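Novice: Quick check, what structure comes out for this input:
(one chain, ligands or ions: 1)
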Amino acid sequence: MNENGHRSTRSQNEDEDGSRLVGANGHRRVVMNPTSGSGDHTDRIHALADEYGYDVVETSGPGDGTALAQAAVDDDIRRLAVAGGDGTLHEVVTGLLEADALGDVTVGILPVGTANIFARNVGVDDAEAGFNLLENGERRRIDLGMAGEEPFVVSTVAGLTAETSAATSASLKERIGSLAFLYTGIKKTMEFESLHLDVEAISQGEETTWTGEALCALVGNVRQFAKEGGQSNAEDGLFDVVIVEEMPPQNVVAEAAAHRVLGKGTEHVVHLRASQLTVEGLTNETVAYSLDGEVSEHEQLVLHSKPQALSVAVGPSYEANPDSA
Ligand SMILES: Nc1ncnc2c1ncn2[C@@H]1O[C@H](COP(=O)(O)OP(=O)(O)OP(=O)(O)O)[C@@H](O)[C@H]1O
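Specialist: Here you go, the predicted structure:
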């Protein structure tokens with residue numbers, strides 16, 4: 001069927017990885033989080049996995065995706081489908097990185113999570129398309145973000161509290177998309193700790209530096225937060241960064257209320273591409289981070305890109321360079 005279509009024609013006996021298959025399910029596995037999204041996908045994923053010749057292993061709790069990815073490497077798995085959302089993908093990629101196997105495994109997303117931001121940005125519409133693309137679709141090597149020693153695939157947000165992320169309602173997310181949690185955060189602006197940011201940015205071949213105090217930094221790897229959001233260039237070794245500068249609370253609220261805080265030329269919002277950022281709290285206090293939705297705290301963190309480190313199956317709507325499209 002067509003490349004975004006819904007039937008596997010190859011897989012049981014051929015493998016363009018150059019490796020011989022071991023049994024019907026050789027080198028192919030699904031790591032499934034049975035609790036992702038509405039949690040009603042397990043029967044369907046098992047049925048599709050049978051059809052496409054994949055083993056299925058299920059996570060049993062937070063962090064298990066990392067261990068299961070490492071086990072998959074030990075078992076010489078070459079195509080690893082992730083049935084879950086961005087949090088499960090994050091754990092699996094962490095496992096592949098820790099096993100030093102990013103170059104050996106192609107990852108495919110089977111979007112059964114809540115937000116599925118990664119899947120949307122690489123053009124994978126549903127679980128069946130995910131299987132089909134991993135078998136017959138295009139593979140790309142995309143950048144992997146690093147926050148200290150920990151990887152991130154979609155994005156890192158620095159400076160919004162954990163409560164802020166959790167407080168963002170689903171209906172608000174639907175209405176204003178990528179701005180939703182920032183909007184929620186800004187409504188609670190008095191809770192913001194200012195950050196001290198040192199940013200080394202490379203833009204159109206020229207190195208520029210931005211240093212200053214900020215309320216938060218939104219760092220997109222495969223997504224962008226500026227303008228309407230959407231996919232960013234995930235193969236250029238650069239993050240798509242939005243920095244909301246320190247400003248009087250009344251300005252923040254006013255700009256956020258107009259829903260244009262990330263829009264055209266607002267005074268306090270800086271948009272740039274950066275290969276590296278250093279983020280630290282102003283008063284030696286820890287800063288809250290959300291790495292692909294997983295919350296952690298750090299006093300100082302250096303973010304950098306590992307260019308084209310991760311092999312992924314993408315859909316037809318994926319653009320290597322969306323800015324030129
Ligand atoms: N068996 C399990 N029981 C409870 N939690 C689990 C289990 N397996 C994994 N988890 C945790 O579930 C969390 C959420 O998973 P995931 O991100 O896939 O779904 P989601 O939040 O619905 O989707 P999205 O991140 O796309 O919005 C992960 O951070 C993971 O640690």
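Novice: Sketch out the low-pLDDT regions of the stretch 51-200 of the chain for me.
Specialist: For the stretch 51-200 of the chain, the stretches with pLDDT under 70 are 160-194.
Novice: Alongside the ligand, which residues does it contribute?
Specialist: Proximity of the stretch 51-200 of the chain to the ligand is confined to 59-62, 64, 84-88, 91, 113-116 under the rule CB under 6 Å from any ligand atom. The way it works is simple: take the backbone N, C-alpha and C, and place the C-beta from them, glycine included.
Novice: Next, the nearest residue to Ala71 once chain neighbours are set aside: phi, psi?
Specialist: Nearest residue to Ala71, sequence neighbours excluded (CB to CB, 6 or more residues apart in numbering): Val57, at 7.6 Å. Torsion angles at Val57 (phi, psi; degrees, to the nearest 10) stand at phi -120, psi 140.
Novice: Likewise for Gly130?
Specialist: phi -60, psi -50.
Novice: For the residue nearest to Leu272 when sequence neighbours are not counted, which residues are in contact?
Specialist: Distances taken as CB to CB, 6+ apart put Ala201 closest to Leu272, at 4.7 Å, once the chain neighbours are dropped. Contacts here follow CB atoms under 8 Å, 6 or more residues apart in numbering; on that basis Ala201 touches 207-210, 241, 272-275.
Novice: on that earlier part again, please pick the buried ones from the residues of the stretch 51-200 of the chain next to the ligand.
Specialist: Among those, those classed as buried by 16 or more other CB atoms under 10 Å are 59, 64, 84-88, 91, 113-116.
Novice: any idea how far the residue lying closest to Leu291 once chain neighbours are set aside lies from Val93?
Specialist: Using CB to CB, 6+ apart and skipping residues adjacent in sequence, the residue nearest Leu291 is Phe152, 4.4 Å away. From Phe152 across to Val93, the span is 8 Å (CB to CB, to the nearest Å).
Novice: Now do the shared contacts for these two.
Specialist: Here Phe152 and Val93 have Leu144 as joint contacts, going by CB under 8 Å, 6+ apart.
Novice: where's the closest residue to the ligand within the stretch 51-200 of the chain relative to Ala313, distance?
Specialist: Nearest to the ligand, among the residues of the stretch 51-200 of the chain, is Gly85, at 2.0 Å (CB to the nearest ligand atom). Distance of Gly85 to Ala313, given as CB to CB: 17 Å.
Novice: could you point out which element follows the lengthiest helix in the chain?
Specialist: When the chain is parsed with DSSP state H, its longest helix is helix 86-98. Per DSSP states H and E, helix 86-98 leads on to strand 106-111 as the next helix or strand towards the C-terminus.
Novice: relative orientation of that next one and helix 86-98 in degrees?
Specialist: 170 degrees (axes from the mean of the first three to the mean of the last three CA atoms, to 10 degrees).
Novice: any idea which helix or strand comes after strand 106-111?
Specialist: helix 117-121.
Novice: who's in contact with that following helix?
Specialist: 86, 89, 109, 111, 113, 125, 130, 153-155, 222-223, 230-232, 234, 292, 318.
Novice: For Leu272, name its beta-bridge partners.
Specialist: With DSSP bridges as the criterion, Leu272 is bridged to Val241.
Novice: wait, isn't it in contact with Ala226?
Specialist: No - counting by CB atoms under 8 Å, Leu272 does not reach Ala226; the two are 9.5 Å apart.
Novice: What are the neighbouring residues in contact with Arg139?
Specialist: 106, 311-314.
Novice: again but with Ala101, I slipped
Specialist: Shown in contact with Ala101 (CB under 8 Å, 6+ apart): Val73.
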